[in-house]
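>>> have a look at this fold, sequence not included:
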């Protein structure tokens, strides 16, 4: 099923005296992965919550195709992979049960799982390579496995628009590669995918385009364009040489080789 475009038009959000988003405007089309980057406090999580309909903007509009965020969520069109700190990992629920929550909107009031629900969950678990861990308590997974479980929830839900908030934070390389592969496959199938990330190294392989956010959209383009030090400096408030040095130090030297 083809996803719906995300349209954010002149959205402003305030938390009391704090301006979280200031006239943010962006569009994400079906069949693509869009990376959202910016420093802490740039409004990335607020933008996600506004697109989800969890935060109401002070001004501006958000549409998922022709639907409001609330309508899109009610139809099960939006899947969300939260940051780790937003989840109670001690809750006594298994990986399979987490993924099954993606089916709740299709089960009716009783939430009694049918054959098609169980099949959808099994297929989603297989796609994220967690079948063997399906009955393990969710908090007993590694960081990467936890992220993959929430991606599986979106797959089982049948969501055609996916929002992922820092999916690579604290994950192992295998999970990073698995999540990247899955998102590319889902986009190729027509899904609309928006990913917030601080992992600049992973962005070129993951995303078709990138958006640089500092309460409003400063720039959008290919990952290579947006990740140029002089552009990152706009959002992070430092000199381009400082950004360049930080990137080189992270990647192991000027040529990106381990020292």
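Everything's here; your move. The shown structure was predicted, so the numbers you read here are calculated from the model rather than taken from an experiment.
>>> any idea which element residue 201 lies in?
Using DSSP states H and E, residue 201 is not contained in any helix or strand.
>>> mind pulling up the pLDDT for it?
What the model reports as pLDDT for residue 201 is 84.
>>> then the one 5 residues further on?
Per-residue confidence for residue 206 comes out at a pLDDT of 93.
>>> next, give phi and psi for it.
Phi and psi for residue 206, reported as degrees, to the nearest 10, are phi -90, psi -50.
>>> count the residues that sit near it.
25 (other Cβ atoms under 10 Å). C-beta coordinates here come from the backbone N, C-alpha and C atoms, glycine included.
>>> nearest residue to it in space, please, no chain neighbours.
Leaving aside its sequence neighbours, residue 206 sits nearest to residue 180 (Cβ to Cβ, 6 or more residues apart in numbering; 5.1 Å).
>>> any idea which helix or strand comes after the helix or strand harbouring that neighbour?
Using DSSP H and E, the element containing residue 180 is helix 173-188. Using DSSP H and E, the helix or strand that follows helix 173-188 in sequence is strand 192-196.
>>> mind checking pLDDT for residue 237?
Residue 237 is given a pLDDT of 68.
>>> helix, strand or coil for residue 218?
Put simply, residue 218 is strand when judged by DSSP: H, G, I helix; E, B strand; the rest coil.
>>> isn't it right up against residue 212?
Yes. Judged on Cβ atoms under 8 Å, residue 218 makes contact with residue 212 at a distance of 4.6 Å.
>>> so what sits against both of these two?
231, 234, 235 (Cβ atoms under 8 Å, 6 or more residues apart in numbering).
>>> give me the buried subset of those residues.
Buried by 16 or more other Cβ atoms under 10 Å: 231, 235, out of the shared contacts of residue 218 and residue 212.
>>> for residue 17, state which of the shared contacts of residue 218 and residue 212 is nearest.
residue 235 (22.2 Å; Cβ to Cβ).
>>> nearest residue to that closest one in space, ignoring adjacent ones along the chain?
Nearest non-adjacent residue to residue 235, counting by Cβ to Cβ, 6+ apart: residue 214, 4.6 Å away.
>>> what segments of the stretch 101-250 of the chain are helices?
Using DSSP state H, counting those that start in this stretch, the helices of the stretch 101-250 of the chain run over 115-127, 143-157, 173-188, 203-206, 223-226, 229-236, 240-251.
>>> domain map for the protein?
As given by automatic domain parsing, the domain ranges for the chain are 6-227, 228-259.
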